[in-house]
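[1] Output the structure for:
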Amino acid sequence: MVVTDITNPFFSGLVQAAQRGAHEAGLLTLLVDTSLDPTVEGRMAESLASNVDGLLACAPVGPTDTLVDAAGATPL
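    Coordinates of the predicted model:
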């Protein structure tokens, strides 16, 4: 799960709900904070893509195409 700013209270409920859903499906969640930096966002998506079953990008700040390209074949 890639979020733009973990200090934003909007994300707390979203992260909890995603984690609960993942747990119910027998999956784990990994949380990454990009600090509102689109370069970090793309780099994190690219780094994680080959090691996870899917990526959940919450309120991405970079261009969508860049994030999709970084995720590659990993569901986004």
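
[2] Which of the helices or strands spans F11?
    Applying DSSP states H and E as the criterion places F11 in helix 10-24.

[3] Give me the packing partners of that helix, helices and strands only.
    strand 2-3 (3 or more CB pairs under 8 Å, 6 or more residues apart in numbering; DSSP states H and E). In this view, the C-beta of every residue, glycine as well, is placed from N, C-alpha and C.

[4] mind listing what the strand it packs on pairs with, with the direction of each?
    Strand 2-3 has its sheet partners listed here by DSSP bridges as strand 32-33 (parallel), strand 57-58 (parallel).

[5] mean confidence for it?
    Average pLDDT, strand 2-3: 94.

[6] Relative to the whole chain's centre, how far out is it?
    In terms of CA atoms, centre = their mean, to the nearest Å, the centre of strand 2-3 is found 4 Å from the chain centre.

[7] returning to that earlier point: and for the helix holding F11, what's in contact with it?
    Residues outside helix 10-24 that contact it (CB atoms under 8 Å, 6 or more residues apart in numbering): 1, 3, 5, 28-29, 31, 56, 58-59.

[8] swap in stretch 30-48?
    1-6, 15, 52, 55, 57, 60-63, 66-67, 70-72, 74, 76.

[9] Can I get that stretch in PDB? Just the C-alpha atoms.
    Written as PDB, here are the backbone C-alpha positions of stretch 30-48 (Å, rounded to 0.1, in the frame of the first residue of the first chain):
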ATOM      1  CA  LEU A  30       3.100  -3.500   3.500                       C
ATOM      2  CA  LEU A  31       2.800   0.300   4.000                       C
ATOM      3  CA  VAL A  32       5.100   2.800   2.100                       C
ATOM      4  CA  ASP A  33       4.900   6.600   2.700                       C
ATOM      5  CA  THR A  34       6.100   8.600  -0.300                       C
ATOM      6  CA  SER A  35       6.200  12.000   1.500                       C
ATOM      7  CA  LEU A  36       4.300  13.600  -1.500                       C
ATOM      8  CA  ASP A  37       7.200  12.900  -3.800                       C
ATOM      9  CA  PRO A  38       6.200  11.500  -7.200                       C
ATOM     10  CA  THR A  39       9.800  10.300  -7.800                       C
ATOM     11  CA  VAL A  40       9.700   8.200  -4.600                       C
ATOM     12  CA  GLU A  41       6.200   7.000  -5.500                       C
ATOM     13  CA  GLY A  42       7.400   5.600  -8.800                       C
ATOM     14  CA  ARG A  43      10.600   4.200  -7.400                       C
ATOM     15  CA  MET A  44       8.600   2.400  -4.600                       C
ATOM     16  CA  ALA A  45       6.100   1.000  -7.000                       C
ATOM     17  CA  GLU A  46       8.800  -0.300  -9.200                       C
ATOM     18  CA  SER A  47      10.800  -1.800  -6.300                       C
ATOM     19  CA  LEU A  48       7.800  -3.500  -4.800                       C
END
